[in-house]
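Trainee: Sequence below, structure please.
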Amino acid sequence: MAHPNKRKGNAAELLVAKWLRKYGWVNAERSRAGWTDDRGDIDGLPGVCIEVKAEKKIDLAGYMKELANEMGNARAWTGTVIVKRRGSQDVDEWYAVMPAKVWAELLAMLDRPTPPR
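Mentor: Model prediction:
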């Protein structure tokens, strides 16, 4: 039987995949185990790397390092770490964390408002 922490992680990944499907990403699913190079926890969003964390202690620096590595492995153009909020099973209430550079690149894809003069 899997270690309790592994079960928590698996359950969180399943919740995130289901949540993404609810928002229209119909191909979202947990990644296959056994990659020689980790590409994130969720598949089905081309070019996007998603790592899911359900841990008691949040380690943002460690998560960002892991995300950068996995984005490279997946050849993803963007990515995020979805961190489970303690006491909540509702992914809408969890945290999506990414390096500021990745966030700025996403913003750059939007129409920019005209700055005030």
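Trainee: So what's the gap between the helix or strand that contains residue 5 and the chain middle?
Mentor: Under the criterion of DSSP states H and E, residue 5 resides in helix 4-22. Relative to its parent chain, helix 4-22 has a centroid offset of 11 Å by CA atoms, centre = their mean, to the nearest Å.
Trainee: Mind giving me the packing neighbours of that helix?
Mentor: strand 29-30, strand 42-43, strand 48-53 (3 or more CB pairs under 8 Å, 6 or more residues apart in numbering; DSSP states H and E). (Glycine included, C-beta is placed from N, CA and C.)
Trainee: Which residues are in contact with the residue positioned nearest the centre of the chain?
Mentor: Residue closest to the average C-alpha location in the chain (CA atoms, centre = their mean): residue 50, at 2.8 Å. Residue 50 makes contacts with 16, 40, 41, 42, 79, 80, 81, 82, as judged by CB atoms under 8 Å, 6 or more residues apart in numbering.
Trainee: Closest to residue 70 out of those residues?
Mentor: residue 40 (4.8 Å; CB to CB).
Trainee: Around that closest one, how many other residues sit close by?
Mentor: 24 (other CB atoms under 10 Å).
Trainee: With adjacent residues omitted, what lies nearest to it?
Mentor: In space, and not counting its chain neighbours, residue 40 is closest to residue 49: 4.2 Å by CB to CB, 6 or more residues apart in numbering.
Trainee: low-confidence ranges in the protein?
Mentor: 1, 34-35, 113-117 (pLDDT under 70).
Trainee: go with 90
Mentor: 1-9, 32-38, 107, 109-117 (pLDDT under 90).
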